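Enquirer: Okay, predicted coordinates and the sequence, questions at the end:
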Amino acid sequence: MADKEKNFVSAVIYIHNAEKRAEAFLKTIIGVLEENFRHSEIICVNDASGDNSVERIKQVGQAAESTSITVISMSYFHGLELAMNAGVDMAIGDFVFEFDNTVLDFAPSVVMDVYRRSLAGFDIVSASPDRRERFSSRLFYRVFDRFTNLSYHLSTESFRVLSRRVINRISSMNKAILYRKAIYANCGLKTDNIRYQAGVGDMPAADIQEKHYRAGLAADSLILFTELGYRFSIGMTAAMMLISLCMIIYSVAVYAGGHPVEGWTTTILFFSAAFLGLFGILTIIVKYLQLLIDIVFKRRHYSFESIEKIT
């Protein structure tokens, strides 16, 4: 007991139809926490599982000695982000581990590697497998990084550890955390990533609910946390305004040098001027929407990395 870490740690584990993996995963996490920490808790967030995941968790939890086990059962399927928010809100640890799935493709020692890296001065430390990312994930992260000004590049992560300072700052920055990794990257605190050699185990296939959820989350995140939608709107608006100007010039040229049908020039000039004004108004509206998104979802007051008292 004397050699164990004194910090209280919490582990929040996302569970959705994971009865085949939950038992082995939970045993591993319990073993790591009880071996290395004096005080710990595990919060399993059951996101409307349709199998026996909860029963498996209860069976394993009875064997825990010093680690308390809590199961949060969501009322309906919320998806990874909201479900994990519910678990983190209940966590009381000085450090909080977030396990986004129950795929045990890492060695137990990696959990402590991430924790010790956090003690070296990093408030957020994540663990990523060294295998090749899915094409859809690579595409999403590339687009996300391209249209944000964050120095932290997102990637596929299996789990991470957060200091209490991170959780407190996130709570003050944003009440609605739609995409945790984007908020973490935007919080202004020190982050680091550890890559581990992934095991042989295959990644489980996502069910229909998860696939729809991930697609919607990707679209929402690109709109809310990047400038992709804004740049696309501005580009299309500029192109249509240019076309409208060309139509005005063309209409005047035809009227001056040709014999257009009666009323044709007036009609074209009217529609061209109307479209020019319409897209000008749309530009202003899009800019206002972008400002609202910045204020509501990307809200930041001041952000510092650390405070060092010299005297």
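Expert: It's in.
Enquirer: what residue ranges in the stretch 151-300 of the chain score low on pLDDT?
Expert: Residue ranges of the stretch 151-300 of the chain with pLDDT under 70: 151, 173-177, 200-206, 258-261, 263-265, 290-291, 293-300.
Enquirer: in it, which spans are helices?
Expert: 164-173, 180-185, 208-225, 228-257, 264-296 (DSSP state H, counting those that start in this stretch).
Enquirer: Buried deepest among those helices, which one?
Expert: Among those, helix 180-185 has the highest mean neighbour count (mean count of other Cβ atoms under 10 Å), at a mean of 21. Using the backbone N, CA and C atoms, a C-beta is placed for each residue, glycine as well.
Enquirer: list the helices and strands that helix packs on?
Expert: helix 80-90, helix 164-173 (3 or more Cβ pairs under 8 Å, 6 or more residues apart in numbering; DSSP states H and E).
Enquirer: for the ones you listed, which one sits closest to Met112?
Expert: helix 164-173 (18.7 Å; Cβ to Cβ).
Enquirer: quick check: angle from that closest one to helix 80-90?
Expert: 110 degrees (axes from the mean of the first three to the mean of the last three Cα atoms, to 10 degrees).
Enquirer: Output the contacting helices and strands for helix 164-173.
Expert: strand 95-99, helix 180-185.
Enquirer: quick one: which of the helices and strands packed on helix 180-185 is nearest Asp145?
Expert: helix 80-90 (19.3 Å).
Enquirer: Show residues contacting the closest one.
Expert: 12-14, 16, 43-45, 47, 70, 72, 74, 78, 96, 98, 100, 162, 167, 177-180, 213, 217 (Cβ atoms under 8 Å, 6 or more residues apart in numbering).
Enquirer: Identify the residues contacting the residue positioned nearest the centre of the chain.
Expert: Closest residue to the average C-alpha location of the chain: Tyr179 at 3.0 Å, with Cα atoms, centre = their mean. Contacts for Tyr179 (Cβ under 8 Å, 6+ apart) come out as Glu81, Leu217, Asp220, Ser221, Leu224, Phe225.
Enquirer: now, among those, which is nearest to Phe140?
Expert: Nearest to Phe140 among the contacts of Tyr179, with distances taken as Cβ to Cβ, is Ser221, at 8.1 Å.
Enquirer: For the closest one, which non-adjacent residue is closest in space?
Expert: Counting by Cβ to Cβ, 6 or more residues apart in numbering, Ser221 lies nearest to Tyr179, which is 4.4 Å off, once chain neighbours are set aside.
Enquirer: For that neighbour, grab phi and psi.
Expert: Main-chain dihedrals, Tyr179, degrees, to the nearest 10: phi -140, psi 100.
Enquirer: Would you check how far apart it and Arg56 are?
Expert: Distance from Tyr179 to Arg56, counting by Cβ to Cβ, to the nearest Å: 29 Å.
Enquirer: you'd agree Arg231 is up against Thr148?
Expert: No - with contact defined as Cβ atoms under 8 Å, Arg231 does not count as touching Thr148 (11.6 Å).
Enquirer: Rebuild the helices and strands packed on helix 180-185 as a markdown table, extending it with distance to Gln209.
Expert: Shown next, in a markdown table, are the helices and strands packed on helix 180-185 (distance: least, Cβ to Cβ, whole Å):
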| stretch | distance to Gln209 |
| --- | --- |
| helix 80-90 | 11 |
| helix 164-173 | 26 |
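Enquirer: mind checking which of those is nearest Arg38?
Expert: Within the helices and strands packed on helix 180-185, the stretch nearest Arg38 is helix 164-173; the backing value is 16.8 Å (Cβ to Cβ).
Enquirer: neighbours around the closest residue to Arg131 other than its chain neighbours, how many?
Expert: Of all residues not flanking Arg131 in the chain, Ala198 sits nearest, at 4.7 Å (Cβ to Cβ, 6+ apart). Ala198 has 15 neighbours, counted by other Cβ atoms under 10 Å.
Enquirer: Spit out the contact partners of Ala198.
Expert: Contacts of Ala198 (Cβ under 8 Å, 6+ apart): Asp105, Phe106, Pro129, Asp130, Arg131.
Enquirer: mind redoing it with 6 Å?
Expert: Asp105, Pro129, Asp130, Arg131 (Cβ atoms under 6 Å, 6 or more residues apart in numbering).
Enquirer: Please tell me how far the first one sits from Gly199.
Expert: Asp105 sits at a distance of 4 Å from Gly199 (criterion: Cβ to Cβ).
Enquirer: What of the second one?
Expert: Distance, Pro129 to Gly199, using Cβ to Cβ: 9 Å.
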